[in-house]
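>>> Predicted model and sequence follow; I will ask about them next.
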Amino acid sequence: MIQQDLKIKDVPANQFVIDINGLWKSFGKENNVLKGVTLQVKAGENLVMLGKSGSGKSITIKCLVGLLLADKGSLKVFGTDITKLDYTQLNKIRLRIGFLFQNAALYDSMTVRQNLEFPLKRHSKELSDAEVNSAVSEALESVGLLEAIDKMPSELSGGMRKRVGLARTLILKPEIILYDEPTTGLDPITSREISELILSIQQKNKTTSIIITHDMACAKLTGDRIVILRDGVIYLEGSYTELEQSKDEWVRSFFE
Amino acid sequence: MGLVLTLQSRPTMVKFGAEAWLPGMVALSLIKEVAPIITALICAGKISSGIGAELGSMKVTEQIDAMEVSAINPFKYLVVTRILATTLMVPLLVVFADCIGVFGGYVGMNIHSDINIFRYLNQILESLAFLDIMPATIKTIFFGFFIGMIGCYKGFTAANGTESVGKAANSAVVAASLTIFIIDMIAVQLTDILFKP
């Protein structure tokens, strides 16, 4: 319903949905975090991004939605270079991208229902209250948390907050979802539930995803392909099995 | 404010035989300076710090980023609304403070003498001119605007970490209070130039 308003060209079948080319990002003169990251993601693919803390994984996806401005390089999403877009054009792209923050970033002054209604009401003013209610219930049901609809974020556990965050992301029916450490800080059982949820969302909605994680069980379960970021560039990429059997000791240390 | 001002000014006014001017003097002091400044400083302490802390906390917990990535302009939703609210409400609060202050003056007058409320108000209205009220009220619109703007700015520019939330709230109060005094100083000069008696 929201996508109907968008005038951004659709991606031709042979193009990547996400095409990052030579991305540079620094903070201050000395601190070059990204030094020419090049990365492509195909439609419907789940890409897992690994790397040490501070290696620039989150910065890469934040550049991808325009939360941070790239110093150099091109960031094509749906075939459009977002570094060349103005604020309105960028927002049209952002409507097609969902972003799950590390701590879910729920609006803590709103209930779960209001958290989900907020983006929907802002972008789909033509929807009736009944339609909004049904969309909210549907999104919460898809993450298995319909019973928490009238709770405040402070009343939710870490896993529940992540699920609600995911439901809020899903309510705008994004074509790309970026996950910033979706299982960090959760127990192994909840982590697995979240990983399975990511996988089922991808299969059900045919979304394209970039998943940043340190959780190898999550990487194994969700990732079609894994890339490892080191010293500001993509160090290695391959399937879980390929990387697990890598002769590079540093790469193998992720899997031990 | 009105009560204290009346009680403290009364002995001097009595000494000069000018007790009859007391209501007018108290009302003038209140409306032109005391009520706007005190109200604005209270608002700076309460509202500016509140906005700074709230937005700072939203920034630190990535709620503002979440708004941004869902294509909602956080500036419009969080900043414009707050600045509009303070710009409209601070002048109203000042008018309210004026009324309370004037009533306090009446209570103060009645501690030592017996004065009818209508006579008291009449004396005030006789000593007040339109030009006493308008510039004083107009400057409170600017007080409100800057109280909101400084709070929002400090909140939005909070660095990451919980410590910065406290800093944002703290520096919002200090900066807003200082700005109120500066605006007041400019307003007095401008009023003096524009409406020279």
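Sure thing, it's come through.

>>> so who does residue A:217 touch?
A:188, A:191-192, A:195 (C-beta atoms under 8 Å, 6 or more residues apart in numbering or on different chains). Quick note: C-beta positions are derived from backbone N, CA and C, even for glycine.

>>> Mark which of the residues you listed are buried, thanks.
Neighbour-count burial (16 or more other C-beta atoms under 10 Å in any protein chain shown) applied to the contacts of residue A:217 gives A:191-192, A:195.

>>> Which of those residues fall in helices?
A:191-192, A:195 (DSSP state H).

>>> which one of the contacts of residue A:217 sits closest to residue B:57?
residue A:191 (27.2 Å; C-beta to C-beta).

>>> Nearest residue to the closest one in space, please, no chain neighbours.
Nearest non-adjacent residue to residue A:191, counting by C-beta to C-beta, 6 or more residues apart in numbering or on different chains: residue A:183, 3.9 Å away.

>>> what sits up against the helix or strand of chain B with the lowest mean pLDDT?
Every helix and strand of chain B was ranked by mean pLDDT, DSSP states H and E. The lowest is helix B:2-15, at a mean of 83. For helix B:2-15, contacts defined as C-beta under 8 Å, 6+ apart pick out B:19, B:21-22, B:25-26, B:29-30, B:34, B:100-109, B:111-112.

>>> who's in contact with the host helix or strand of residue B:50?
Of the helices and strands defined by DSSP states H and E, residue B:50 is found in helix B:49-60. The contact list for helix B:49-60 (C-beta under 8 Å, 6+ apart) reads A:107, B:63-64, B:78, B:82, B:148, B:150-152, B:154-156, B:158, B:160-162, B:164-173.

>>> ok, of those residues, which come out buried?
The buried subset of the contacts of helix B:49-60 - by 16+ other C-beta under 10 Å - is A:107, B:63-64, B:78, B:82, B:148, B:150-152, B:154-156, B:158, B:164-169, B:171-173.

>>> in terms of contact, does residue A:159 touch residue A:192 like I think?
No - Residue A:159 lies out of contact with residue A:192 (C-beta atoms under 8 Å); the separation is 10.5 Å.

>>> give the contact list for the residue nearest the centre of chain B.
Compute the mean C-alpha point of chain B, and by C-alpha atoms, centre = their mean the closest residue is residue B:40, 2.2 Å away. If you count contacts by C-beta under 8 Å, 6+ apart, residue B:40 has them with B:90, B:94, B:140, B:143-144, B:147, B:180.

>>> one step back: please flag which of the contacts of helix B:2-15 sit within helices.
Per DSSP H, the subset of the contacts of helix B:2-15 in helices is B:22, B:25-26, B:29, B:100-109, B:111-112.

>>> So the residue nearest to residue B:194 when sequence neighbours are not counted, which state does it fall into?
Spatially, and ignoring its direct neighbours in sequence, residue B:194 is nearest to residue B:135 (7.9 Å; C-beta to C-beta, 6+ apart). In three-state terms, and counting by DSSP: H, G, I helix; E, B strand; the rest coil, residue B:135 is helix.

>>> For the helix or strand where residue B:145 lies, name the packing helices and strands.
Taking DSSP H and E as the criterion, residue B:145 maps to helix B:130-156. Counting by 3 or more C-beta pairs under 8 Å, 6 or more residues apart in numbering or on different chains; DSSP states H and E, the packing neighbours recorded for helix B:130-156 are helix B:35-43, helix B:49-60, helix B:81-112, helix B:163-194.

>>> between those, which gets nearest to residue A:36?
Among these, if distance is taken as C-beta to C-beta, the winner is helix B:49-60, at 29.7 Å.

>>> For the closest one, give the mean pLDDT please.
Over the span of helix B:49-60, the pLDDT mean works out to 93.

>>> so it versus helix B:35-43, what angle?
30 degrees (axes from the mean of the first three to the mean of the last three C-alpha atoms, to 10 degrees).

>>> Just after helix B:49-60, pick out the following helix or strand.
helix B:63-69.

>>> So which residues lie in contact with that following helix, not counting its own?
In contact with helix B:63-69 (C-beta under 8 Å, 6+ apart) are residues A:62, A:65-67, A:94, A:97, A:99, A:101, A:105-108, B:55, B:57-58, B:73-74, B:77-78, B:156.

>>> residues from the stretch 101-250 of chain A in reach of chain B?
Residues of the stretch 101-250 of chain A lying close to chain B (C-beta under 8 Å from any C-beta of the partner chain) are A:101-103, A:105-108, A:118-119, A:122-123, A:168, A:172.

>>> which of those residues are buried?
Among these, those classed as buried by 16+ other C-beta under 10 Å are A:101-103, A:105-107, A:118-119, A:123, A:168, A:172.

>>> possible to save those residues as a markdown table with pLDDT?
Shown next, in a markdown table, are those (pLDDT from 0 to 100):
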| residue | pLDDT |
| --- | --- |
| A:101 | 92 |
| A:102 | 88 |
| A:103 | 87 |
| A:105 | 92 |
| A:106 | 94 |
| A:107 | 93 |
| A:118 | 92 |
| A:119 | 91 |
| A:123 | 87 |
| A:168 | 92 |
| A:172 | 88 |
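
>>> In a markdown table: those residues, plus secondary structure and distance to residue B:9.
Shown next, in a markdown table, are these (DSSP: H, G, I helix; E, B strand; the rest coil; distance: C-beta to C-beta, whole Å):
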| residue | secondary structure | distance to residue B:9 |
| --- | --- | --- |
| A:101 | coil | 59 |
| A:102 | coil | 61 |
| A:103 | coil | 57 |
| A:105 | coil | 55 |
| A:106 | coil | 55 |
| A:107 | coil | 51 |
| A:118 | helix | 54 |
| A:119 | helix | 58 |
| A:123 | helix | 60 |
| A:168 | helix | 60 |
| A:172 | coil | 63 |
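
>>> Now tabulate the residues you listed in JSON lines and tack on distance to residue A:37.
Below are those laid out as JSON lines (distance: C-beta to C-beta, whole Å):
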{"residue": "A:101", "distance to residue A:37": "21"}
{"residue": "A:102", "distance to residue A:37": "20"}
{"residue": "A:103", "distance to residue A:37": "24"}
{"residue": "A:105", "distance to residue A:37": "24"}
{"residue": "A:106", "distance to residue A:37": "29"}
{"residue": "A:107", "distance to residue A:37": "31"}
{"residue": "A:118", "distance to residue A:37": "32"}
{"residue": "A:119", "distance to residue A:37": "29"}
{"residue": "A:123", "distance to residue A:37": "30"}
{"residue": "A:168", "distance to residue A:37": "28"}
{"residue": "A:172", "distance to residue A:37": "27"}
